[in-house]
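In: heads up, no residue letters with this:
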């Protein structure tokens with residue numbers, strides 16, 4: 001009985017199905033290890049850090065750091081850089097929401113407009129499409145410093161030079177150092193840089209719309225505007241919803257654009273930058289991790305609300 005059982009196990013071990021399972025595990029194991037090491041473990045470790053008091057003084061013994069419960073979260077929520085002060089001092093939380101939603105909505109609208117233009121036949125359309133992609137494919141550090149050169153506060157700055165030459169201003173302006181104007185320019189930069197992504201997604205869906213729908217609408221006497229609202233928009237509703245959600249999530253977590261443009265100063269401080277400042281400015285890693293967890297919680301709440309409200313209405 002024991003011998004037959006051992007033989008059956010040996011036979012099942014050498015079977016084709018067993019070999020395929022072992023091959024599958026051997027192929028996915030390297031990727032699984034990389035994902036665990038670079039994504040899952042840091043994410044779980046950040047959650048753990050957010051409930052402990054960790055600074056430079058105990059980094060060499062981080063796993064024995066004292067547990068301080070929700071103190072890190074209370075410290076973040078009460079910090080003047082995080083919370084709303086007045087109309088001139090929004091705080092990182094409000095600034096992040098305004099920056100993320102304004103950038104995402106404008107990116108979607110500009111991307112839709114560009115896609116509608118590039119969907120029409122004209123000469124050198126392929127070249128124009130390639131030019132439109134430049135902001136998205138160019139390295140962020142390169143385009144950010146080009147924008148800083150254009151907006152340089154010295155008279156030699158491009159925009160200042162043009163405005164001074166046209167006598168539109170009397171003195172050079174520090175565009176990125178003016179509260180209110182700085183966040184507006186950062187939003188414009190974000191829209192300019194990422195509208196090609198929305199354009200590509202929307203353009204792909206536009207090219208898949210059946211032309212007979214527009215021909216039937218023309219026969220019924222519909223004008224261009226009526227075709228757009230009755231045919232184009234309904235056909236694009238799923239891709240518009242998906243692009244909006246993706247861009248909002250990415251913008252909410254965006255660090256490099258604002259850091260390279262303003263360093264988070266002059267009313268442009270957002271939660272990702274604040275996380276960096278807490279972690280590597282004051283070396284309060286627990287407080288920085290708590291800020292990241294607050295961002296995560298806000299995104300989870302938004303995603304759930306978006307799926308339950310917006311996507312349900314789209315499907316109906």
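Out: All right, it came through fine. From a predicted model like this one, the values you see are computed outputs, not experimental measurements. Residues are numbered from 1 along each chain as shown.
In: quick one: the helix or strand harbouring residue 96 to chain centroid distance?
Out: Using DSSP states H and E, residue 96 sits within helix 92-118. Centroid separation for helix 92-118 versus its chain: 11 Å, with CA atoms, centre = their mean, to the nearest Å.
In: try stretch 139-157
Out: With CA atoms, centre = their mean as the basis, stretch 139-157 stands 22 Å off its chain's centre.
In: where does the spatially closest residue to residue 178 that is not a sequence neighbour fall, phi/psi-wise?
Out: Once flanking residues are discounted, residue 178 sits nearest to residue 266: 6.6 Å by CB to CB, 6 or more residues apart in numbering. No exception for glycine: its C-beta is placed from N, CA and C like everyone else's. Phi and psi for residue 266, reported as degrees, to the nearest 10, are phi 60, psi 40.
In: for residue 266, what are its contacts?
Out: Residue 266 is in contact with 176, 177, 178, 179, 182, counting by CB atoms under 8 Å, 6 or more residues apart in numbering.
In: what does residue 270 give?
Out: Counting by CB under 8 Å, 6+ apart, residue 270 touches 92, 95, 96, 99, 254, 258, 264.
In: looking at those, which is nearest residue 20?
Out: Of all these, residue 20 sits closest to residue 254, with 42.6 Å by CB to CB.
In: the residue nearest to that closest one when sequence neighbours are not counted: helix or strand, and which one exactly?
Out: With CB to CB, 6+ apart as the criterion, residue 254 has its nearest non-adjacent residue at 6.3 Å, and that residue is residue 272. Here residue 272, judged by DSSP H and E, is contained in helix 271-276.
In: so for the helix or strand following that helix, mean pLDDT?
Out: Scanning forward in sequence from helix 271-276 by DSSP H and E, the next helix or strand is helix 285-305. Across helix 285-305, pLDDT averages out at 90.
In: residue 52 against residue 64, yeah?
Out: No. Applying CB atoms under 8 Å as the test, residue 52 and residue 64 come out as separate, 9.4 Å apart.
In: of the two, who's got more company?
Out: Neighbours were tallied for residue 52 and for residue 64 using other CB atoms under 10 Å; the higher tally belongs to residue 52 (20 against 8).
In: what ranges do the helices span in the stretch 101-250 of the chain?
Out: For the stretch 101-250 of the chain, applying DSSP state H, counting those that start in this stretch gives helices covering 125-132, 134-137, 140-150, 158-165, 181-206, 211-219, 224-227, 233-252.
In: in the third one, what counts as buried?
Out: Read that as helix 140-150. If you call a residue buried by 16 or more other CB atoms under 10 Å, then helix 140-150 has these buried ones: 140, 143, 144, 147, 148.
In: over to the fifth one?
Out: By neighbour count on 16+ other CB under 10 Å, the buried set for helix 181-206 is 181-183, 185-187, 189-203, 205-206.
In: again, but for stretch 163-174
Out: 164, 172, 173, 174.
In: any idea how far residue 298 is from the last one?
Out: Counting by CB to CB, to the nearest Å, the gap between residue 174 and residue 298 amounts to 32 Å.
In: can you check residue 91 too?
Out: Distance from residue 91 to residue 298, by CB to CB: 14 Å.
In: the more surrounded of the two?
Out: residue 91 (19 against 16).
In: next one, pLDDT for the more buried one please.
Out: 86.
In: how about residue 10?
Out: 56.
In: and the most centrally placed residue in the chain, what does it touch?
Out: Central residue of the chain (CA atoms, centre = their mean): residue 250, 1.2 Å from the mean position. Residues near residue 250 by CB under 8 Å, 6+ apart: residue 194.
In: low-confidence ranges, the stretch 201-316 of the chain, go.
Out: 310-316 (pLDDT under 70).
In: what's the neighbour count on the nearest residue to residue 284 once chain neighbours are set aside?
Out: Using CB to CB, 6+ apart and skipping residues adjacent in sequence, the residue nearest residue 284 is residue 278, 5.3 Å away. Using other CB under 10 Å, residue 278 has 25 other residues around it.
In: and the gap between residue 278 and residue 127?
Out: For residue 278, the distance to residue 127 - CB to CB - is 46 Å.
In: wait, isn't the residue nearest to residue 254 in contact with residue 296?
Out: No. With contact defined as CB under 8 Å, residue 272 does not count as touching residue 296 (11.7 Å).
In: look at those two and report which has more neighbours.
Out: The residue with more neighbours, out of residue 272 and residue 296, is residue 272; 23 against 15, by other CB under 10 Å.
In: ok, now which ones touch that one?
Out: 96, 253, 254, 255, 258, 295.
In: check the offset of stretch 261-273 from the chain's centre.
Out: 15 Å.
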